[in-house]
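A.B. asks: sequence first, then the predicted structure, then my questions.
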Amino acid sequence: VQLQASGGGLVQPGGSLRLSCAASGFSLDYYVIGWFRQAPGKEREGVGCISSTDGSSYYVDSVKGRFTISRDNAENTVFLQMNSLTPEDTAVYYCNAISLLTHREYWGQGTLVTVSS
């Protein structure tokens, strides 16, 4: 039972990346799946989340209009599409899933995103 985050890498300012968060051993049905990030020397912060019940999503102001969270039910995977990246987006990105039924929580390992020219 785990979450596997992937897709990080080095990208130039203004570029795009898509992160994936794949669940194995459990279904993401009835979960809220969130993306968090932690920049060097800073606390972990929430980026956004998506509800598996109605697909509604929410974003922190700093990424609104640039980041999009989506879900592929068939692949049991959630994606974080990041566009117009800036150096301030450089961080280790983590995915998190919380059950709406049991409140059980899972964290994926981080994936590093570096935005630099």
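C.D. replies: Structure received.
A.B. asks: V92 and K42 touch, don't they?
C.D. replies: No. Counting by C-beta atoms under 8 Å, V92 stays clear of K42, with 10.5 Å between them. From N, CA and C alone the C-beta is placed, and that goes for glycine too.
A.B. asks: buried stuff in stretch 36-50?
C.D. replies: F36, R37, V47, G48, C49, I50 (16 or more other C-beta atoms under 10 Å).
A.B. asks: and of those residues, the nearest to Q109?
C.D. replies: F36 (12.2 Å; C-beta to C-beta).
A.B. asks: could you spell out the sheet neighbours of the strand or helix carrying that closest one, each with its direction?
C.D. replies: Using DSSP states H and E, F36 sits within strand 31-38. Looking at strand 31-38 with DSSP bridges, its partner strands are strand 45-51 (antiparallel), strand 91-99 (antiparallel).
A.B. asks: so which of those comes closest to G14?
C.D. replies: That would be strand 91-99 among those, by C-beta to C-beta, at 17.2 Å.
A.B. asks: got the CA coordinates for the closest one in CSV?
C.D. replies: Extracted in CSV, the C-alpha atoms of strand 91-99 (Å, rounded to 0.1, in the frame of the first residue of the first chain):
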residue,chain,number,x,y,z
ALA,A,91,10.9,22.4,-4.2
VAL,A,92,10.4,18.8,-3.4
TYR,A,93,6.8,17.9,-4.2
TYR,A,94,4.8,15.4,-2.3
CYS,A,95,1.4,13.8,-2.8
ASN,A,96,-0.9,12.9,0.0
ALA,A,97,-4.2,11.0,0.2
ILE,A,98,-6.7,11.1,3.0
SER,A,99,-9.7,8.8,3.2
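A.B. asks: now stretch 105-117: average pLDDT?
C.D. replies: Mean pLDDT, stretch 105-117: 96.
A.B. asks: buried ones in it, by neighbour count?
C.D. replies: Y106, G108, G110, T111, V113, V115.
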